[in-house]
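>>> only geometry, no sequence info:
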């Protein structure tokens, strides 16, 4: 039987409201562990809220993180919260102590007969596919796909069942992102549908031409280049530069926007909006050009 | 002629063995039907006990009687209503006529002769004629009119054809019987006598008529027996369950969502067993008329949702449930996009002729999806935003007062008692379209000199979008927190411009201990106009009013907004669908954030409808509707042809600067 540990730090210091929330990568680690290993998973967490989250997600055995040192595991999954104040030292120490492979920026894990297929996010849409035998420590990326939603009822039920006292500490940041009323897309929805590559091709008139040619850029080379840079920066393919897309912060306290424009964070809120609100490369769904591997990684045990 | 001679020999010419066989089969079929009904009932009773007790039996019986006599729910569709009326009354007359014949034949009673016989014969024939006319109208609509909403299933048409076979064979049988002797008093059997005359004219011999009569009687008896046996099945069952479902229909406001049966159990209908008896009776009552599909905004926009198919899917699951212990995964039977397309506008509930709460079931299915963790990302986003930031827009709640800069509305001090609380709502606080409504309301309240307070940053989402999207636990958390805050201020009245907040606080919060009254701003403005405190606002251009679902259909308030408009404009025009039959804007049920792709968009459909009136202004009384209609307005071919305004904005623009302050 494979012994799997998921390490998820603290949930009590995440939100401006004081409501307990785990970092995205911690939630992703739990979701990946449960999807791939099910009942084999044990969870280790720093505080009661995080332990409640793990129980609500279906983890049967939940321990304090200090117990981890005494436990022997074959697979360890950590989110950024799991690393927490301990930083990268924790995964490194776990890997060293157990003679395990150490993989960062993990976005997917698939369990096969005698190995794990691990997908690692290299950024800009590129990925490595690793085939791993033996012990491994996986550090989950923030760009991991969202796991199943855990309802308030499940969390409350887990909290009631645990009987642990729950304390919500002072906030230090937020992990949720402002939601956007869908109507702001208006009839432009079709123009932003599909994969980024397809839309870029359509925009510049290469590949399969979009049906709606109104969105094609028919301008000078300079303007086309500017649009291309704007597009690439919008999707995180290049860093934001002077020509990159800028969020427009509203000038006054009362937000104003022209019709059809999507609402943007107000200037007052901009500081509190996490990095997650910025665009990242979309998942490429195994696009052959974007994924390398599988590379064999193995530590015999 | 002696009066007692004016009658007929019942079951004459029919061999005793055939009669005995008929009675045996008929009683067997009835017994079988009763057994099936009981078995189905016991399957339904494996569901949950309803949280609310049913109305008293007397009230239910009166309701059933009214349903049968007046058929009010069928008046929406005039053609179908008339056809159904003809079929129902015809069926009842034929049923009574057959019962009279049975009593005359099988009991010592003797009354079926003389004038009673003549009149009864006439009435029964007219009833039969009405019955056939109604059936032919149904068949014409089904097979020739090409109405899209009709369910093209053989088992639905089978009932109509079977009933037609019963009625036509009955008339032929009567004609053959009369034609043997052709007595003059049988003229009162108008249809049968006409057939008899035709047979007589064809010179059919008495012996042949007797053979035909016997054969027709056998055929008639056989289809009747078949009908008895099929009554509890499929479409036939609506005759029994329809009236029962109607008598148990909701008494609460349409927009008020039912709470889960027990807070201890996981919310939602993960299996059929998690639905309550009434829900299961309702799905059995579905007539498949398709009115719900016809009025559904999500269906009109081309999303996968078809409310009728949800109901029929649950019915199918109920049938399968009869042979399993717990029932299978109920939400898994449906396309998840269909479940997340519903805007909870309640049009399906409103239009259903047998009182099925369709959208309540969709919310139950959504609750099950939420508990299973399978929700769209956009739903998870606004759930998390509501939980963590206390508003579904995900904005920092400390910025709730940003909209009020320069207005300085009075924010309640902790513990301060409040007579009138202006509840701004999340859209009113964070969305630019909603913010202008809030600013207008503050201007109106200030100019009227009304003493009020707002909660500022202590205001939180009421939980309406979360609840409609199935996150019941989150809604309960929001409700508890808000009620605690309001109780801390001993709030007497809450005034809000958001019908969603209005509905939730007025209808759903009392269950959690709220005891304040709630007023929508349209009601407040209409009251101010009636009291003469708002005047001199005439001269507004042509206006059409879009009824927010949660105000008009959901809470029955259609007059107040119109009174406000009429005080400003004498050119109010109505859209084809208005009042309680209004068409949704697409924002309800979390629709402001969810976006299931379809061929069209609900808001675009509604905006086109508004534009078709030729009105310059589309007024509404809901910030969500305003956001959606604004977006729909932009999508019109000529773009920006109309101005979308909230009632409060119109009033604030037109009310005199030196308003009659109290």
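Looks like it came in fine. On a predicted model such as this, the values are computed, not experimentally measured, just so you know.
>>> ok, stretch B:455-471 near chain A or not?
Yes. Counting by Cβ under 8 Å from any Cβ of the partner chain, chain A has neighbours in stretch B:455-471: residue B:471. For the C-beta atoms, the positions are set from N, CA and C on the backbone; glycine is no exception.
>>> And that stretch, how far out from the chain middle?
26 Å (Cα atoms, centre = their mean, to the nearest Å).
>>> Could you pull out the buried residues of it?
Judged by neighbour count using 16 or more other Cβ atoms under 10 Å in any protein chain shown, the buried positions of stretch B:455-471 are B:455-456, B:458-471.
>>> And the furthest pair within those residues?
The most widely separated members of the buried residues of stretch B:455-471 are B:456 and B:470, with 30.0 Å between them, by Cβ to Cβ.
>>> Let me know the pLDDT of residue 150.
Went with chain A since none was named. Here, the pLDDT recorded for residue A:150 equals 90.
>>> meant chain B, my bad for not saying
For residue B:150, pLDDT reads 79.
>>> list the contacts for it?
Contact analysis of residue B:150 by Cβ atoms under 8 Å, 6 or more residues apart in numbering or on different chains lists B:141, B:142, B:156, B:290.
>>> Same check on residue A:141?
Residue A:141 neighbours (Cβ under 8 Å, 6+ apart): A:25, A:28, A:104, A:105, A:106, A:107, A:120, A:121.
>>> which one of those residues sits closest to chain B?
Nearest to chain B among the contacts of residue A:141 is residue A:28, at 12.9 Å by Cβ to the nearest Cβ.
>>> And stretch B:406-414, what's buried?
Buried residues in stretch B:406-414 (16+ other Cβ under 10 Å): B:409, B:410, B:412.
>>> Next: stretch B:391-410.
For stretch B:391-410, a neighbour-count test (16+ other Cβ under 10 Å) marks B:391-397, B:399-404, B:409-410 as buried.
>>> who does the particular helix or strand that has residue B:629 in it touch, helix- and strand-wise?
In the assignment (DSSP states H and E), residue B:629 maps to helix B:623-634. Helix B:623-634 sits against helix B:426-430, helix B:432-448, helix B:602-611, strand B:617-620, strand B:643-646, with contacts defined as 3 or more Cβ pairs under 8 Å, 6 or more residues apart in numbering or on different chains; DSSP states H and E.
>>> From the chain's centre, how far out is the longest one? Work that out for me.
Relative to its parent chain, helix B:432-448 has a centroid offset of 35 Å by Cα atoms, centre = their mean.
>>> I'd assumed residue B:196 was in contact with residue B:182.
Yes. Using Cβ atoms under 8 Å, residue B:182 makes contact with residue B:196 at a distance of 5.9 Å.
>>> quick one, which of the two is more surrounded?
Taking neighbours as other Cβ atoms under 10 Å in any protein chain shown, residue B:182 and residue B:196 compare with residue B:196 leading, 24 against 13.
>>> That one contacts residue B:183, doesn't it?
No. In this structure residue B:196 lies outside contact range of residue B:183 using Cβ under 8 Å: 9.7 Å.
>>> nearest spatial neighbour of the residue in the stretch 151-300 of chain A that chain B sits nearest to, skipping sequence neighbours?
In the stretch 151-300 of chain A, the residue that lies nearest chain B is residue A:152 (3.0 Å; Cβ to the nearest Cβ). Leaving aside its chain neighbours, residue A:152 sits nearest to residue B:473 (3.0 Å; criterion: Cβ to Cβ, 6 or more residues apart in numbering or on different chains).
>>> So what's the residue count around the one you found?
Around residue B:473 there are 27 residues (other Cβ under 10 Å).
>>> Who are the contact partners of it?
By Cβ under 8 Å, 6+ apart, the contact set of residue B:473 is A:151, A:152, A:153, A:154, A:155, A:156, B:267.
>>> And for residue B:51?
B:258, B:259, B:260, B:261, B:262, B:276.
>>> pLDDT score for it?
Note for residue B:51: predicted pLDDT of 77.
>>> Dihedrals phi and psi, the nearest residue to residue A:24 once chain neighbours are set aside?
Spatial nearest neighbour of residue A:24, chain neighbours left out: residue A:142 (5.4 Å); criterion: Cβ to Cβ, 6+ apart. Phi and psi for residue A:142, reported as degrees, to the nearest 10, are phi -70, psi -20.
>>> There's contact between residue A:142 and residue A:104 in this structure, I believe.
No. Contact criterion Cβ under 8 Å: residue A:142 and residue A:104 do not qualify, at 11.4 Å.
>>> neighbour count winner among these two?
residue A:142 (19 against 14).
>>> and the longest strand belonging to chain A, what does it pack onto?
Longest strand of chain A, by residue count under DSSP state E: strand A:101-111. Packing partners of strand A:101-111 (3+ Cβ pairs under 8 Å, 6+ apart): helix A:24-37, helix A:89-98, strand A:116-123, strand A:126-134, strand A:136-140, strand A:291-299.
>>> before we move on, the earlier item: tabulate the contacts of residue B:473 (CSV), appending neighbour count, distance to residue B:298 and secondary structure.
Output for the contacts of residue B:473, formatted as CSV (neighbours: other Cβ atoms under 10 Å in any protein chain shown; distance: Cβ to Cβ, whole Å; DSSP: H, G, I helix; E, B strand; the rest coil):
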residue, neighbour count, distance to residue B:298, secondary structure
A:151, 26, 24, coil
A:152, 22, 26, helix
A:153, 24, 26, helix
A:154, 23, 28, helix
A:155, 20, 30, helix
A:156, 16, 31, helix
B:267, 28, 22, coil
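>>> Out of those, which is nearest to residue B:386?
residue A:152 (9.7 Å).
>>> Surely the closest one is in contact with residue B:479?
No. Counting by Cβ under 8 Å, residue A:152 does not reach residue B:479; the two are 11.8 Å apart.
>>> tell me the two of the contacts of residue B:473 that are most distant?
Checking the contacts of residue B:473 with Cβ to Cβ, the most distant pair is A:155 and B:267, at 13.2 Å.
>>> buried sites along stretch B:292-310?
B:292-310.
>>> and the end-to-end length of it?
End-to-end distance for stretch B:292-310: 11 Å, by Cα to Cα, to the nearest Å.
>>> do stretch A:140-154 as well
End-to-end for stretch A:140-154, by Cα to Cα: 24 Å.
>>> Same check on stretch A:118-129?
6 Å.
>>> ok, and what's touching stretch B:167-186?
Applying Cβ under 8 Å, 6+ apart, the external contacts of stretch B:167-186 come out as B:1, B:6, B:8, B:12-13, B:90, B:94, B:117-118, B:121, B:125, B:128, B:131-132, B:135, B:189, B:191-200, B:204, B:206, B:209-210, B:212-213, B:216-217, B:219-220, B:223.
>>> repeat that for 7 Å
Applying Cβ atoms under 7 Å, 6 or more residues apart in numbering or on different chains, the contact partners of stretch B:167-186 are B:6, B:118, B:128, B:131-132, B:189, B:191-193, B:195-196, B:199-200, B:204, B:206, B:209-210, B:212-213, B:216-217, B:219-220, B:223.
>>> Of the residues you listed, grab the buried ones for PyMOL.
A single PyMOL command selects the buried members of those (16+ other Cβ under 10 Å):
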select buried, chain B and resi 6+118+128+131+132+189+191+192+193+195+196+199+204+209+210+212+213+216+217+220+223
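>>> which residues of chain B score low on pLDDT?
B:1-3, B:234, B:322-327, B:639-640, B:658-662 (pLDDT under 70).
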